[in-house]
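J.: model this:
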Amino acid sequence: MKNRRRDKLKENGIGGKNGVKRIAALSLLFVFLLSLSGCAYRPAQPLPPDFSTIEQTETEAPSTVPPETDPWETDPPDPALLFPAFFQPGRLLLSEGGSVPVELLSAESNVSYRVRYPSGSEATVAWDKIEPLAPTVPELPPPTEGEVLAYLKGELGEPLPAFVLFVDLSRLTVTAAERGEVLRVMPCTVGDAGHPTPRGKYEVDYKTEFMGKEGAYLCRWGVHYFGGYLFHSVLYTWRGDGILDGELSARLSHGCVRLSPEDSRWVYETAPLGAVVWVN
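T.: Residues are numbered from 1 along each chain as shown. Alright, predicted model coming up:
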């Protein structure tokens, strides 16, 4: 009996035939379970032969420098810098020789000039005592409607007058604004070097549909605002059957502000008496 039990133990023990089978079965089961969990053993893959020469790249950190912005958006300039006063320079010829620099304010053709001296004082001098000079006009960007309105509020007060005609002597434009809203921007022609268009604040006081010099030229849709100065059309022939001089965006009038036929008629029909005229 004892010998039979001993043989049974040898057969089922670790070293026995059945024991070896059990160990092999358990090993296969363990490997199978590992493969199901994704952790099955895989032999290491050899490194590429040139691994040591592969450049290591790093993910660039996001830049902390803020993107560039338009300085005009974050720090808008003083409106007065966008609309500098236009100065018509000249020289006052002295009888003893030499000259004095002056600003030409206005002129009565072949009669006299109104001038401003460097000291700020003003005087009227004879026509032949003045030598007009070519003006220096800065290159200015076209303004937005908001910039025009901000500038006019700074000059004329807020709220703006009900109707404003703004003559920009630097950009050679006329801007019409009503109740704080820009209605129209029009190219214009202004006075030449010897006949400057006067700067200042004025008011529309009368209108005339026809004006001109008999036998020479005819203008239409005149809107008067100061002295001998008006808004009016470009020059027609005396009979009115053709345009004699239609140039715009120029400095060649005797001080009046010329507009196209369409724009001059629009101003004539739209700008009321008492409308404020700002010339700069």
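
J.: shaky segments in the chain?
T.: Residues of the chain meeting the criterion pLDDT under 70: 1-77.

J.: to the chain's geometric centre, what's the distance from the helix or strand encompassing Tyr151?
T.: Per DSSP states H and E: Tyr151 is located in helix 145-156. Offset of helix 145-156 from its chain centre (C-alpha atoms, centre = their mean, to the nearest Å): 15 Å.

J.: what do you get for stretch 141-152?
T.: Chain-centre distance of stretch 141-152: 9 Å, with C-alpha atoms, centre = their mean.

J.: List the contacts of stretch 94-110.
T.: By C-beta atoms under 8 Å, 6 or more residues apart in numbering, the list of residues contacting stretch 94-110 from outside reads 87-93, 113-118, 122, 127, 130-132, 191, 193-196, 198-199, 227-228, 254-255. Every C-beta, even on glycine, is put in place using the N, C-alpha and C of the backbone.

J.: Same question for stretch 171-190.
T.: By C-beta under 8 Å, 6+ apart, the list of residues contacting stretch 171-190 from outside reads 140, 142-143, 145, 148-149, 152, 159-160, 162-169, 197, 231, 234, 247-253, 255, 257-260, 263, 266-267, 270-271.

J.: buried sites along it?
T.: 171-178, 182, 185-186, 188-190 (16 or more other C-beta atoms under 10 Å).

J.: do stretch 218-237 as well
T.: The neighbour-count check on stretch 218-237 (16+ other C-beta under 10 Å) flags 218-226, 229-236 as buried.

J.: in the helix holding Tyr151, what counts as buried?
T.: Going by neighbour count (16+ other C-beta under 10 Å), the buried part of helix 145-156 is Glu147, Val148, Leu149, Ala150, Tyr151, Leu152, Leu156.

J.: doesn't Tyr225 make contact with Asp205?
T.: Yes: with contact defined as C-beta atoms under 8 Å, Asp205 counts as touching Tyr225 (6.9 Å).

J.: how near is the residue nearest to Pro89 when sequence neighbours are not counted to Gly120?
T.: Excluding the flanking residues, the one nearest Pro89 by C-beta to C-beta, 6 or more residues apart in numbering is Leu133, at 4.4 Å. Separation of Leu133 from Gly120 (C-beta to C-beta, to the nearest Å): 19 Å.

J.: These two - which one has more neighbours?
T.: Set Leu133 next to Gly120 and count neighbours by other C-beta atoms under 10 Å: Leu133 wins out with 14 against 7.

J.: Give the buried residues for stretch 97-104.
T.: Neighbour-count burial for stretch 97-104, counted by 16+ other C-beta under 10 Å, picks out Val102, Glu103, Leu104.

J.: how far is it from where the chain is centred?
T.: The chain centre lies 37 Å from the centre of stretch 97-104; the measure is C-alpha atoms, centre = their mean.

J.: for stretch 78-95, same thing?
T.: 24 Å.
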